[in-house]
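Chemist: just to be clear, the model below is a prediction. Sequence and coordinates:
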Amino acid sequence: MKLKINLEFKKCIGHSTLLYGETNTNKTIQTSRFVQFLMESQKIPPIEITILDFAPNLTIFKNLKIGGKIRDFYQNSTKCRNISFRGKIIPPRLNSRNKTALYQNAYENYKKTSKLLNLFNENPTSVLIINDISIYLHIGSIVLLLTAINNSPTFFGNSYYGSSIKRDFANLFSRREKRRVENLIKGVEKSYFTG
């Protein structure tokens, strides 16, 4: 599926920008292209670009591609300041069989992602890129996230905001996720729905 909007990357520099939408709407691809634009067209030193990649590894669920890292789409992003964690992100709805496991998985993700946000806030850079923000927002505080976003003159990130990832025991979890993404949309300067 193609992105339904035309992004002018140059107009995103110096602003906070969020892409949000369904799976398979090229959010991570566009985010990786923004990193490429910064490095190749704008010649921003990679050390000034921090990447926090909260996405699970790329998987297929009901014929939809879910997850995927920025480096999967732009290999040179590994030259940037990537703050990472040990282990993997667990897609909470996909890898849980009940509500208890759902929240346990979300909490494990929260511990990893909140640590990265705190590390970034201790030493911010002029550019912050976050892939798959909703992974953090399942449990995490929007205050910590907005602090990180406001610590960088340029922020560019993406978040899942849809209904294609469903589980019967996760209805409340999914509604809460949507509300938190809606609060994030209000906290950034530019937001684009990808479909």
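Modeler: Received, thanks.

Chemist: from here on, contacts and neighbour counts on C-alpha atoms
Modeler: Noted.

Chemist: now the longest helix along the chain, how far from the centre of its chain.
Modeler: The helix of greatest length in the chain, counted in residues with DSSP state H as the criterion, is given as helix 99-122. Distance, stretch centre to chain centre, for helix 99-122: 13 Å (CA atoms, centre = their mean, to the nearest Å).

Chemist: what sits up against it?
Modeler: The contact list for helix 99-122 (CA atoms under 8 Å, 6 or more residues apart in numbering) reads 50, 52, 54, 83-86, 89-93, 95-96, 135-140, 144-145, 147-148, 151, 169-170.

Chemist: inside helices: which ones of those?
Modeler: With helices taken from DSSP H, the overlap with these comprises 135-137, 144-145, 147-148.

Chemist: mind putting those residues in CSV, distance to residue 60 included?
Modeler: As requested, the ones in helices among the contacts of helix 99-122 are arranged in CSV below (distance: CA to CA, whole Å):
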residue, distance to residue 60
135, 17
136, 21
137, 22
144, 31
145, 28
147, 33
148, 31
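
Chemist: among those residues, which two are most distant?
Modeler: Farthest pair in the ones in helices among the contacts of helix 99-122 (CA to CA) is 135 and 147. Separation: 17.2 Å.

Chemist: look at the two and report which has more neighbours.
Modeler: Comparing residue 135 with residue 147 by neighbour count (other CA atoms under 10 Å), the higher total belongs to residue 135, at 25 against 14.

Chemist: relative to residue 125, how far out is that one?
Modeler: Between residue 135 and residue 125 the distance, using CA to CA, to the nearest Å, works out to 22 Å.

Chemist: out of the ones in helices among the contacts of helix 99-122, which are buried?
Modeler: Listed as buried from the ones in helices among the contacts of helix 99-122 are 135-137, 145, 148; burial here means 16 or more other CA atoms under 10 Å.

Chemist: all set, thanks.
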